[in-house]
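# Return a 3D structure for these sequence lines:
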Amino acid sequence: MSITIWGRPNSLNVHKVLWLAAELGLQFDHVPAGQQYGVTDTAEFLALNPNGLIPVIKDGNTVLWESNTILRYLTEVYGKNSLWIEDPRLRFSAEKWIDWYTTTVLPVFGIVFFNLVRQPEEKRDLQAVKVAAEKLEKILDVANAELAKQPYLSGPRFGVADIPLALALNHWFNLDIERRHNHTHLKIWLERIRARDHFLKVASIL
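Predicted coordinates for the structure are as follows:
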C-alpha cells in the first residue's frame, strides 16, 4: 500500500480525506498543495487532476479526485472491518447525507464560512452572512431531526456519512453568530465526534 494525498491542510475538502485516512489507520504521505503551496498548476499535478483542484489521492495505480468519491473509495477498500456498511440499503441510507451536505448545506454554509473565516474583516458581507445563517438553521433542522432518532447520521455507529457535516459544524458552532434554533441533537452528536482521537487534530487547522 502506497497512498499519497495532495491538498492544503486548511481545506475542508482535504480535511475529509485526512480525517478518514486517520480513522482507518492508513499510512500515507501528505503533500500540501493549492493556494499558497502552489503545486496544482504544475504539469505533474495536472496529469493527476486536469481540473487543478484538491484533494487528490494516489493509491498504487489508482488516482482519484472529488472528495466525496475519495471518501467512498477509502471506506470500501480499507474500511471493510470498521466503517464500511455492507448492507447496501443501510449504506445508501447513510451516504445520502454526504450528498445532502454538498448540495444543500455547503452552498449556504460556504457564505458564512468564507466571510467570517477567510475574508479580512473590512471585506466581510455581514448582510449576506445573516441571510445565509438564517437559511442554514432551517436546513440543519433536517439533520437535527434525524439525530433525534439515532446517534449518528451513518446509523447506530460513526461512519463516513458523518464526516462532511461534522467538519463544517465544528466551525459553525464556534462562530460568534446569532442562532435561533437550538439543535440539541446536532450539538450532542458533534460532541461525540469531537471526542474522537483524530478529529480535532485535523478539523482545528484553519
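
# Report the contact partners of the closest residue to Ile3 other than its chain neighbours.
The spatially closest residue to Ile3, leaving aside those adjacent along the chain, is Phe28, at 4.0 Å (CB to CB, 6 or more residues apart in numbering). Placement of C-beta: from N, CA and C, glycine included. Shown in contact with Phe28 (CB atoms under 8 Å, 6 or more residues apart in numbering): Ile3, Thr4, Ile5, Ala21.

# Over to Phe113?
Leu12, Ala168, His171, Trp172.

# Can you identify the element that follows the strand or helix carrying it toward the C-terminus?
Assigned by DSSP states H and E, Phe113 falls within helix 106-113. Once the chain leaves helix 106-113, the next helix or strand it forms, by DSSP H and E, is helix 126-147.

# Distance from the following helix or strand past that next one to the middle of the chain?
Once the chain leaves helix 126-147, the next helix or strand it forms, by DSSP H and E, is helix 163-172. How far helix 163-172 lies from its chain's middle: 6 Å, per CA atoms, centre = their mean, to the nearest Å.

# Between helix 106-113 and helix 163-172, find me the angle.
30 degrees (axes from the mean of the first three to the mean of the last three CA atoms, to 10 degrees).

# What is helix 163-172 packed up against?
Packing partners of helix 163-172 (3 or more CB pairs under 8 Å, 6 or more residues apart in numbering; DSSP states H and E): helix 12-23, helix 67-78, helix 88-100, helix 106-113, helix 126-147, helix 184-194, helix 199-203.

# Contacts for it next, please.
Contacts of helix 163-172 (CB under 8 Å, 6+ apart): 12, 15-16, 19-20, 67-68, 71, 97-98, 101-102, 105-106, 109, 112-113, 117, 136, 140, 143, 153, 186, 189-190, 193-194, 199, 202-203, 206.

# now the angle from it to helix 184-194?
100 degrees.

# tell me the mean pLDDT for helix 163-172?
Regarding helix 163-172, the rounded mean pLDDT is 97.

# So for the residue nearest the centre of the chain, what's the nearest residue that isn't a sequence neighbour?
Nearest residue to the geometric centre of the chain (CA atoms, centre = their mean): Pro164, 2.8 Å. Once flanking residues are discounted, Pro164 sits nearest to Tyr101: 4.2 Å by CB to CB, 6+ apart.

# what's near enough to touch the one you found?
Counting by CB under 8 Å, 6+ apart, Tyr101 has contacts Pro164, Leu165, Ala168.

# what's the neighbour count on the last one?
Here the neighbour count serves as a burial measure; for Ala168 (other CB atoms under 10 Å) it reads 22.

# Same check on the second one?
For Leu165, the neighbour count with other CB under 10 Å is 24.

# Would you mind measuring from it to His183?
12 Å (CB to CB, to the nearest Å).

# Out of the contacts of Phe28, which is nearest to Pro88?
Pro88 lies nearest to Ala21 out of the contacts of Phe28, by CB to CB, at 23.9 Å.
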